[in-house]
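Novice: Got a predicted model here, sequence first, then my questions.
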Amino acid sequence: MAGSNLPTVRRFKYEDYPDAPKWFEQFLSGLNLFVDPIYQMVGGNIGYSNILAPQLYTVTITAPASGNVTFNFTNPLRISPSGVTVGNIYETGKASTHPTSPVSIFWHSSQGTIYVDQVTNLTATKSYVVTLIVF
């Protein structure tokens, strides 16, 4: 938000409240720890990294000869995930060898665990390193 109409004063000062009790000084000190980062974000520094803190989960899997790839892991977020997507996938030991068709995952979450129900378009019996982005 470049050019926003934020005030130039970014901190609350105890001296600006001459009739305030002494405990109010401690309160303002704690409040300022919160206000300054918010001021910076609203003042033009809002971005993907400070609105959302995605977590990465990397696992090695082997595509079965038949059936779906399934696995689960503990949800790395403090909230229920709204998305789990593939960040990268490559054959184990061959970081530049990727599946030839787009890979996607189907998943659900329950009681702090993320369950991957299917990973599409993998070659049967090949081993892959998968990095998931949880957000």
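Specialist: Alright, I've got the coordinates.
Novice: And the strands in this structure?
Specialist: For the chain, the strands defined by DSSP state E occupy 55-62, 71-74, 84-91, 105-110, 113-119, 127-134.
Novice: Any chance of JSON lines for the ones you listed, columns distance to Gly43?
Specialist: Glycine gets a C-beta too; all of them are placed from N, C-alpha and C. Formatted as JSON lines, the strands of the chain follow (distance: least, Cβ to Cβ, whole Å):
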{"stretch": "strand 55-62", "distance to Gly43": "27"}
{"stretch": "strand 71-74", "distance to Gly43": "36"}
{"stretch": "strand 84-91", "distance to Gly43": "30"}
{"stretch": "strand 105-110", "distance to Gly43": "35"}
{"stretch": "strand 113-119", "distance to Gly43": "35"}
{"stretch": "strand 127-134", "distance to Gly43": "28"}
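Novice: for the ones you listed, which one ends up most surrounded?
Specialist: Stretch with highest mean neighbour count among those: strand 127-134 (a mean of 18; mean count of other Cβ atoms under 10 Å).
Novice: Quote the end-to-end distance of stretch 74-84.
Specialist: One end of stretch 74-84 to the other measures 13 Å (Cα to Cα, to the nearest Å).
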